[in-house]
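Undergrad: whatever this is, show me its structure:
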Amino acid sequence: MDIIRFTDQSNNTFYGTDFDGKYATVLDGSPFKSFRKTKDKSEVIKLLTPIKPTSIICIGLNYRQHANETGLPIPEYPVIFMKNIASIANPFDDIKLPESCIDPLQVDYEVELAVVIGKDAKNVSKENANNYIAGYTIGNDISARTWQFNNGGQWVKGKSFDTFCPLGPVMVKDVDPENMNIKTVLNGEVMQNSNTSDMIFSVYELIELLSCDMTLIEGTVILTGTPGGVGFAQNPQIFLKDGDKLDLTIEGIGTLSNNVVE
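TA: Presented below is the predicted three-dimensional model:
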């Protein structure tokens, strides 16, 4: 089932499914419990992020191709950092470049498979990890490289500006997270094109490794890393600018689209 979250003409918020581009069947229930289809259809005025995260945990250097393009060794343990939950942006919302990123302009894109934790997870084995997953969606780990690599190496700050974490457009459950094509298109040009099979640590391994020493709260979003092709690794480097359009596609989920504004 493809799950969306949306507002209707009266600005009420619902979960829905069977979205045809204009109308959706209203769902009763919760993404963390269960859903029941109702007989009601509603016009979708605005698509929202499929869920509101309780936290956002990010994994760096989790694709072999990406690690290679950065010149860094394959990590023996996941590189872990976090994004502020206030950084989320809805599908089709603008990604806004803040003044602190304008000079020099070094804001980058990162398509990522996003995993939504469906119930509190502690000491979960990789064999049992699927039972703790509410679903999958697409995330864009927008990154201000100036802050990430300079100014003391501020990873969290450089990745936590408002609108720096678009999520959506739908959440799905019945996919194979270890074999999904994943792609970024910038202004019509393919920049990233890979498959989740290139991950160093699989989704299930990440849940095991993360939950062994901290509880993953219901609603936690795990951004599982980005493949090769990011802007700072291009020659010449490519960074986001006013007027750019990003289309991020993951097989079995759909396409997350956002424009960039200064």
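Undergrad: export stretch 141-155 to PDB, keeping only CA atoms.
TA: Provided in PDB are the C-alpha atoms of stretch 141-155 (Å, rounded to 0.1, in the frame of the first residue of the first chain):
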ATOM      1  CA  ASP A 141      20.100  14.900   2.600                       C
ATOM      2  CA  ILE A 142      20.700  18.500   1.500                       C
ATOM      3  CA  SER A 143      24.200  19.500   2.700                       C
ATOM      4  CA  ALA A 144      26.000  22.800   3.100                       C
ATOM      5  CA  ARG A 145      29.500  21.600   2.400                       C
ATOM      6  CA  THR A 146      31.100  24.900   3.600                       C
ATOM      7  CA  TRP A 147      29.900  24.100   7.100                       C
ATOM      8  CA  GLN A 148      30.300  20.300   6.800                       C
ATOM      9  CA  PHE A 149      34.000  20.500   5.800                       C
ATOM     10  CA  ASN A 150      35.100  23.800   7.200                       C
ATOM     11  CA  ASN A 151      34.300  25.900  10.300                       C
ATOM     12  CA  GLY A 152      35.400  23.100  12.500                       C
ATOM     13  CA  GLY A 153      33.600  20.400  10.600                       C
ATOM     14  CA  GLN A 154      30.000  21.200  11.500                       C
ATOM     15  CA  TRP A 155      28.200  18.100  10.000                       C
END
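Undergrad: what's the offset of that stretch from the middle of its chain?
TA: 18 Å (C-alpha atoms, centre = their mean, to the nearest Å).
Undergrad: stretch 32-48 too?
TA: The answer for stretch 32-48 is 21 Å, by C-alpha atoms, centre = their mean.
Undergrad: what lies in contact with that stretch?
TA: Applying C-beta atoms under 8 Å, 6 or more residues apart in numbering, the contact partners of stretch 32-48 are 1, 3-9, 11, 13-17, 19, 22-29, 90-92, 118-119, 134, 168-169, 218-219. (C-beta placed from N, C-alpha, C; glycine too.)
Undergrad: okay, buried residues for that stretch please.
TA: For stretch 32-48, a neighbour-count test (16 or more other C-beta atoms under 10 Å) marks 42, 44, 47-48 as buried.
Undergrad: can you tell me the centre-most residue of this protein?
TA: G139 (1.5 Å; C-alpha atoms, centre = their mean).
Undergrad: not counting sequence-adjacent ones, nearest residue to that one?
TA: Leaving aside its sequence neighbours, G139 sits nearest to A114 (C-beta to C-beta, 6 or more residues apart in numbering; 3.7 Å).
Undergrad: mind listing the helices for the protein?
TA: Ranges of helices in the chain, per DSSP state H, are 64-70, 145-149, 155-158, 203-211.
Undergrad: distance across stretch 123-132, terminal residue to terminal residue?
TA: 11 Å (C-alpha to C-alpha, to the nearest Å).
Undergrad: buried set for that stretch?
TA: Using 16+ other C-beta under 10 Å as the test for burial, stretch 123-132 gives 124, 129, 132.
Undergrad: can you redo those residues as JSON lines with distance to L61?
TA: Shown next, in JSON lines, are the buried residues of stretch 123-132 (distance: C-beta to C-beta, whole Å):
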{"residue": "V124", "distance to L61": "23"}
{"residue": "A129", "distance to L61": "21"}
{"residue": "Y132", "distance to L61": "24"}
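Undergrad: so what's L61 up against?
TA: 67, 70, 72, 74-75, 79, 200, 225.
Undergrad: apply 7 Å and report the result again.
TA: 67, 72, 75, 79, 225 (C-beta atoms under 7 Å, 6 or more residues apart in numbering).
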